[in-house]
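1. got a predicted structure here, sequence first:
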Amino acid sequence: AAELEAHLAEAMQNERTEGKRMKNQNAPLTLVAGGAGFIGSHLCAALLARGDHVVCLDNLQTARASNLKLLEGHPRFEFVKADVVDPLPASITSRAGRFTRVYNLACAASPPQYQEDPEHTMLTCVVGTDHLLRLAEQAGARFLLTSTSEVYGDPEIHPQREDYRGFVNCTGPRACYDEGKRAAEAMTFDFARTGRADVRVARIFNTYGPQMHPDDGRVVSNLICQALSGRPITIYGDGTQTRSFCYVSDLVDGLMRLMESDIDGMEPINLGNPNEMTVNELLGHIVELTGSGAGVEYRPLPVDDPRRRRPDISRAAALLGWEPRVDLREGLERTCAWFAGELAAPRVAAAA
Ligand code: UDP
């Protein structure tokens with residue numbers, strides 16, 4: 001949590017030095033739906049550090065309660081427990097006119113988690129995005145949807161550019177998320193096309209770092225936690241499938257640049273690290289960093305698991321001047337150190 005704490009320390013310092021300007025009434029009001037999650041909590045911290053008043057809306061379905069604890073002491077941070085599928089609570093709608101930015105990060109994003117209640121996943125993407133877009137419309141706020149590399153499905157084009165339309169199985173177990181996000185994108189662009197909201201759409205590729213839920217089932221968290229605790233390391237399929245992993249601070253930087261940029265909001269933007277590797281190569285790095293002697297247990301490849309994934313980030317580079325800076329070894333080192341601390345701490349810290 002060192003990074004999050006550094007953000008908070010910086011925010012507290014701003015509070016002291018900039019005094020009145022930073023008072024709650026004058027700070028820009030930003031809504032972060034899904035702000036208690038892995039990426040959301042880092043985004044909230046960065047927005048607080050910048051001087052925003054942050055309202056975090058989360059149903060705590062997959063979030064770690066301890067992510068919130070790090071933020072909750074901050075005078076410009078508010079937490080509202082609600083599900084975006086339900087009508088937005090009065091504590092938010094009563095201030096609709098004051099929001100200037102609405103970030104939508106609300107949705108379980110790890111395959112085993114978003115498949116647990118697929119109907120809710122689809123509704124979160126579609127109905128949740130509709131509720132937040134309507135709020136942005138009412139507020140005259142800029143809206144950012146966090147979409148996903150999963151809109152490309154199991155891609156036939158490599159690396160994936162934003163104009164590639166994807167190869168998604170609309171009847172498979174991943175469809176609740178993939179098609180949900182595709183529908184959320186369609187709705188977001190319709191709001192923009194009809195002049196109802198100023199929008200931005202980020203397509204997020206695999207992201208890792210501190211504050212990930214140790215039990216969320218994704219490859220980086222699973223492999224590190226298994227390596228650190230000496231449990232067998234689970235590799236699905238033969239481990240030759242590829243992914244490209246982006247460190248969370250780089251991703252948050254990309255999201256904020258996208259939100260603040262004056263680009264034409266009708267274009268989605270890939271955000272991710274183009275450093276592609278096989279799952280076996282990732283395993284090699286983690287074994288080396290942790291010195292783990294744990295054995296490998298091969299399991300069947302999940303249905304519709306994409307074979308290859310790598311973002312083409314030339315659009316983000318050209319339009320936002322953005323590219324990832326944290327190299328994989330450095331990012332994995334920080335993540336391993338953080339998980340080592342988490343696993344040593346009482347399990348209550350990891351409870352959702
Ligand atoms: N994977 C794995 N072992 C695990 C978890 C995941 O080999 O314990 C594989 C998974 O099948 C996929 C890749 O790692 O090919 C990335 O999976 P993840 O769930 O992190 O994200 P995805 O990119 O599939 O959404």
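-> Everything's here; your move. None of these values were measured; they are calculated from a predicted model.
2. only C-alpha atoms for contact and neighbour calcs from this point on.
-> Fine.
3. give the burial count for the residue nearest to residue 198 when sequence neighbours are not counted, as a bare number.
-> Closest residue in space to residue 198, ignoring its immediate chain neighbours: residue 142 at 5.0 Å, by Cα to Cα, 6 or more residues apart in numbering. The burial count assigned to residue 142 is 21, neighbours taken as other Cα atoms under 10 Å.
4. any idea where the helices of the stretch 251-352 of the chain begin and end?
-> Applying DSSP state H, counting those that start in this stretch to the stretch 251-352 of the chain gives helices spanning 279-290, 314-320, 328-344.
5. adding mean pLDDT and mean neighbour count, write those out as a markdown table.
-> Listed next are those as a markdown table, based on pLDDT from 0 to 100; neighbours: other Cα atoms under 10 Å:
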| stretch | mean pLDDT | mean neighbour count |
| --- | --- | --- |
| helix 279-290 | 98 | 17 |
| helix 314-320 | 98 | 16 |
| helix 328-344 | 96 | 17 |
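6. what's the closest of those to residue 265?
-> Proximity to residue 265 (Cα to Cα) singles out helix 314-320 among the helices of the stretch 251-352 of the chain, at 11.2 Å.
7. now do that closest one: which elements does it pack against?
-> helix 248-260, strand 269-271 (3 or more Cα pairs under 8 Å, 6 or more residues apart in numbering; DSSP states H and E).
8. and the first one, what's its mean pLDDT?
-> Spelled out, that is helix 248-260. Along helix 248-260, the predicted local confidence has a mean pLDDT of 98.
9. quick one: the strands in this protein, in order.
-> Taking DSSP state E, the strands of the chain run over residues 29-33, 53-58, 77-81, 99-104, 142-148, 198-204, 207-208, 233-236, 242-244, 246-247, 269-271, 276-278, 296-299.
10. okay, buried residues for stretch 185-202 please.
-> Along stretch 185-202, these residues count as buried under the neighbour rule (16 or more other Cα atoms under 10 Å): 185, 187-189, 191-192, 196-202.
11. same list, these, but as CSV with distance to residue 235 and pLDDT please.
-> Formatted as CSV, the buried residues of stretch 185-202 follow (distance: Cα to Cα, whole Å; pLDDT from 0 to 100):
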residue, distance to residue 235, pLDDT
185, 32, 98
187, 37, 98
188, 36, 98
189, 38, 98
191, 42, 98
192, 42, 98
196, 46, 98
197, 43, 98
198, 42, 98
199, 38, 98
200, 35, 98
201, 32, 98
202, 29, 98
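12. farthest-apart pair in those, please.
-> Distance extremes for these: the farthest pair is 196 and 202 at 18.9 Å, using Cα to Cα.
13. show me what contacts the closest residue to residue 175 other than its chain neighbours?
-> Counting by Cα to Cα, 6+ apart, residue 169 is the residue found nearest to residue 175 once chain neighbours are left out, at 6.4 Å. With contact taken as Cα atoms under 8 Å, 6 or more residues apart in numbering, residue 169 is in contact with 153, 175, 304.
14. now render those as JSON lines, adding distance to the ligand.
-> Formatted as JSON lines, the entries for these read as follows, by distance: Cα to the nearest ligand atom, whole Å:
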{"residue": "153", "distance to the ligand": "10"}
{"residue": "175", "distance to the ligand": "12"}
{"residue": "304", "distance to the ligand": "9"}
